[in-house]
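Chemist: just coords:
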């Protein structure tokens, strides 16, 4: 696993019912108005030490919010080291709040964990998360299922041809039990 004695590598996001983590063009506007259980964000913020994101998501934010590309997660309620993994840091829109990395994903995770100073490193990129899952670097997966279907966008996990990846629920009760969800049109 990717964790150190101090912090974990966690993949934390909201997902649509049809399996998209972002809409077309990496849009997250679809999640506006969706709520999570009370205290959820405060718990995540309290244990968060650093963020590792990807270039496509960073560029999409930079295009939609000029001058605010490095805005902090959780609506600005958290601030700390943010890293963007890219093969071309030289042509990225600069932001003083972002450190651009051009290295292997395992090295990027190690850099992020070191910067997290004993707290968790949160992955904010589906492609980076996929690479981390394939290498056994993710310690926890936190997903909030939003009551919306997008039809297209950025898939939660797109890795054709790999063996199934099993997860054990962090909960009381049977860790392999499926979660039952029931919805009706709003």
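Modeler: Ah, there it is. Keep in mind the model is a prediction, meaning the values are calculated, not measured.

Chemist: got the residue ranges for the helices in this structure?
Modeler: 40-47, 55-64, 105-115, 126-134 (DSSP state H).

Chemist: Worst mean pLDDT among those?
Modeler: Among those, helix 55-64 carries the lowest mean pLDDT, a mean of 85.

Chemist: Which positions within that one qualify as buried?
Modeler: By 16 or more other CB atoms under 10 Å, the buried positions in helix 55-64 come out as 55, 56, 57, 58, 59, 60, 61, 62. In short, each C-beta sits where N, CA and C put it, glycine included.

Chemist: now, among those residues, which is nearest to residue 77?
Modeler: Closest approach to residue 77 among the buried residues of helix 55-64 (CB to CB): residue 61, at 16.9 Å.

Chemist: For residue 180, see how far away that closest one is.
Modeler: Noted for residue 61: a distance of 35 Å to residue 180, by CB to CB, to the nearest Å.

Chemist: what's the answer for residue 96, then?
Modeler: From residue 96 across to residue 180, the span is 46 Å (CB to CB).

Chemist: for residue 16, same thing?
Modeler: Residue 16 is 18 Å from residue 180, by CB to CB.

Chemist: Residue 133 too?
Modeler: Distance, residue 133 to residue 180, by CB to CB: 24 Å.

Chemist: Quick check: closest non-adjacent residue to the residue sitting nearest the centre point of the chain.
Modeler: Centroid-nearest residue in the chain, with CA atoms, centre = their mean: residue 124, separated by 2.9 Å. In space, and not counting its chain neighbours, residue 124 is closest to residue 53: 4.0 Å by CB to CB, 6 or more residues apart in numbering.

Chemist: Excluding its own residues, what touches the worst-scoring helix or strand of the chain on mean pLDDT? List them.
Modeler: Ranking every helix and strand in the chain by mean pLDDT, DSSP states H and E puts helix 55-64 at the bottom, with a mean of 85. Around helix 55-64, the neighbours that count as contacts under CB atoms under 8 Å, 6 or more residues apart in numbering are 22, 25-27, 68-69, 71, 84-88, 92-93, 95, 98, 124-125, 127.

Chemist: 7 Å - rerun?
Modeler: For helix 55-64, contacts defined as CB atoms under 7 Å, 6 or more residues apart in numbering pick out 25, 26, 69, 84, 85, 86, 92, 93, 124, 125.
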